[in-house]
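Q: Provided below are the primary sequence and the corresponding predicted coordinates.
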Amino acid sequence: MKTSKLVVGIISIVLCFLVGLQSCAAGLGNALENNGEIGGTAGLILAISLLIAGIVAICTRNGGKGGYVSTAFYVLAGLIGLLCAGSYSDLNIWSVVSLISGGICAIATRKQK
């Protein structure tokens, strides 16, 4: 289970940069079109949450009190992304990836105890 949290954490940190760049582009497109959508901002929140959750997952892979903190960041970020995606359809994919990562971290933390 330590390995799964390490892998999920590394993937989250790498995805953080991809999601962040896409969100900046989506936010710029929303601003230029003046359509009132907040998909770009929700994507940036998701990217920052992926970074935080990935770091916490890596730091708590050997056990500790913060195992469920990364799960909470993954799940909250996934829900925000799903609710605010708008025309930024890639955000739905990244939100589902975040929810799956949260599930993996929750299972790994539970099995460690």
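A: Cool, got the structure. Residues are numbered from 1 along each chain as shown.
Q: and the contacts of stretch 74-93?
A: 12, 19, 22-23, 26, 30, 35, 37-43, 45-46, 49-50, 53, 94-99, 101-102, 105 (CB atoms under 8 Å, 6 or more residues apart in numbering). Using the backbone N, CA and C atoms, a C-beta is placed for each residue, glycine as well.
Q: and the buried ones among these, selectable in PyMOL?
A: To isolate the buried members of the contacts of stretch 74-93 in PyMOL, using 16 or more other CB atoms under 10 Å:
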select buried, resi 12+19+22+23+26+30+37+38+39+40+41+42+43+45+46+49+50+53+94+95+97+98+99+101+102+105
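Q: list the contacts of Leu15.
A: Leu15 neighbours (CB under 8 Å, 6+ apart): Ala47, Leu50, Trp94, Val97.
Q: figure out the helix or strand that Gly36 lives in.
A: In this structure, Gly36 is located outside every helix and strand according to DSSP states H and E.
Q: list the contacts of it.
A: Taking CB under 8 Å, 6+ apart, one finds Asn30 in contact with Gly36.
Q: can I get the contacts of Leu15 in JSON lines with pLDDT, secondary structure and distance to Leu83?
A: Output for those, formatted as JSON lines (pLDDT from 0 to 100; DSSP: H, G, I helix; E, B strand; the rest coil; distance: CB to CB, whole Å):
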{"residue": "Ala47", "pLDDT": "97", "secondary structure": "helix", "distance to Leu83": "16"}
{"residue": "Leu50", "pLDDT": "96", "secondary structure": "helix", "distance to Leu83": "17"}
{"residue": "Trp94", "pLDDT": "96", "secondary structure": "helix", "distance to Leu83": "13"}
{"residue": "Val97", "pLDDT": "97", "secondary structure": "helix", "distance to Leu83": "16"}
